[in-house]
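In: how would this look folded up:
(one chain, ligands or ions: 1)
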Amino acid sequence: LDPLTIGRLRGRLAVIGLGPGAAELMVPAVKAELARANDVLGYETYVRMAGPFRADQVMHCTDNREEMQRARHAFALAAQGRSVVVVSSGDPGVFAMAAAVLEALHESTDPAWHNVDLEILPGVSASLATAAQAGAPLGHDFCVLSLSDNLKPWDIIEKRLDLASQADLALAFYNPISRSRPWQLGRALEIVARHRTAQTPVVLGRDIGRPGQTLRVTTLGQLTPDQVDMRTMVLVGSSTTCVFARPGGGDWVYTPRWYGEKPTS
Ligand SMILES: C[S@@+](CC[C@H](N)C(=O)[O-])C[C@H]1O[C@@H](n2cnc3c(N)ncnc32)[C@H](O)[C@@H]1O
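Out: Now for the predicted structure:
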């Protein structure tokens, strides 16, 4: 295509985060983007979560492992002048589609792809949605890790776990366990336990913001991998994380903003 035609056909590609699931936790800019979309691409569960769609909107559902193919398909559609949305759960920049879309663009020499009006729209990530329900366990410095060794070597994960635990950061584990990764969480907890006491608070948020959500507060000493599945967010407190009872049952969990001596005020 000549540059003039490319200019006229300028399509749009928005990579959006749906938030954890509940419609009220989806940011308004994402709702507006979904309303203007001609095409919506993503893992089927998330595309369905983003709907319902009008009859003129096309859904393209793919398997969870086909991120790069999906990203290239999205550019191919947008380069034809269409308004395209790629959906992720939570935030699209956190272990999700935004990086795959940018990787596809970086690798491409097609000027039509580089001319696409590309925007990444944020969402409430699962760690933040879970933390808010528990109180403020991530109220001080924290570290976000994916325990999946599908796209990175396990020894790097062990090193990061060890150093982050040693640095007394609160920890948020995404992708904590799956059928094809059954032992990794147990090993991760052993590494964390080298640097944290058995009383360290742990928050387990499952399907947060979705039907049937559960929130559980436990301790590092009591946590076993069978209490966790791939729909769970695991938040491990630091040495300063506190727990106290809520009036109606359950607990509040928070990590104070200060470290060392409590400031006087
Ligand atoms: C591939 S990551 C995607 C993260 C997503 N982009 C985000 O920002 O929340 C998937 C992992 O996120 C966590 N997760 C996603 N949605 C969740 C929810 N509603 N409740 C609890 N954990 C969730 C689980 O640990 C799951 O294995």
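In: Any part of the helix or strand harbouring V47 near the ligand?
Out: Applying DSSP states H and E as the criterion places V47 in helix 44-50. No: for helix 44-50, no contact with the ligand is found by CB under 6 Å from any ligand atom; the gap never falls below 9.4 Å. Where you see a C-beta, it was placed from the backbone N, CA and C, and this is true even at glycine.
In: quick one: average pLDDT of whatever helix or strand comes next after that helix?
Out: The C-terminal neighbour of helix 44-50 among helices and strands, as given by DSSP H and E, is strand 58-62. The pLDDT scores in strand 58-62 average 94.
In: Would you mind giving both backbone torsions of the residue in the chain positioned nearest to the ligand?
Out: Per CB to the nearest ligand atom, G90 is where the chain lies closest to the ligand, at 2.0 Å. For G90, the backbone dihedrals (degrees, to the nearest 10) come out as phi 60, psi -130.
In: That one pairs with what?
Out: G19 (DSSP bridges).
In: Quick one: name the residues of the stretch 1-150 of the chain near the ligand.
Out: 20-21, 88-91, 94-96, 125-126, 130.
In: Now tell me which of these the prediction trusts least.
Out: Lowest pLDDT among those: G21, with 92.
In: List phi and psi for it.
Out: phi 160, psi -50.
In: Give me the neighbour count for it.
Out: For G21, the neighbour count with other CB atoms under 10 Å is 21.
In: My understanding was that the residue of the chain closest to the ligand contacts P122; is that so?
Out: No: in this structure, G90 is not within contact of P122 by CB atoms under 8 Å, at 9.4 Å.
In: so who does R72 touch?
Out: Listed by CB atoms under 8 Å, 6 or more residues apart in numbering, the contact set of R72 reads 104, 108.
In: Secondary structure element holding it?
Out: Using DSSP H and E, R72 falls in helix 67-78.
In: For that helix, list every residue counted as buried.
Out: 67, 70-78 (16 or more other CB atoms under 10 Å).
In: Return the distance of it from the chain's centre.
Out: Distance of helix 67-78 from its chain centroid, counting by CA atoms, centre = their mean, to the nearest Å, is 20 Å.
In: Give me the number of neighbouring residues for the residue lying closest to P20 once chain neighbours are set aside.
Out: Excluding the flanking residues, the one nearest P20 by CB to CB, 6 or more residues apart in numbering is G209, at 3.3 Å. By other CB under 10 Å, the residues close to G209 number 23.
In: So G209 versus L215, what's the distance?
Out: 11 Å (CB to CB, to the nearest Å).
In: Find the least confident helix or strand in this protein, judged by mean pLDDT.
Out: helix 3-8 (a mean of 63; mean pLDDT, DSSP states H and E).
In: ok, residues contacting the next helix or strand along the chain from that helix?
Out: As assigned by DSSP H and E, the chain's next helix or strand after helix 3-8 is strand 12-17. For strand 12-17, contacts defined as CB under 8 Å, 6+ apart pick out 27, 30, 33-34, 37, 50, 74-75, 78, 82-93, 96-98, 101, 116-125.
In: rewinding a little: neighbour count: G90 and P122, which is higher?
Out: More neighbours surround G90 than the other of G90 and P122, with 27 against 18 (other CB under 10 Å).
In: so what's the more buried one up against?
Out: So G90 contacts 17-20, 96, 123-126, 129 (CB under 8 Å, 6+ apart).
In: thought the residue nearest to P20 was touching A22?
Out: Yes: assessed by CB under 8 Å, G209 is found in contact with A22 at 4.0 Å.
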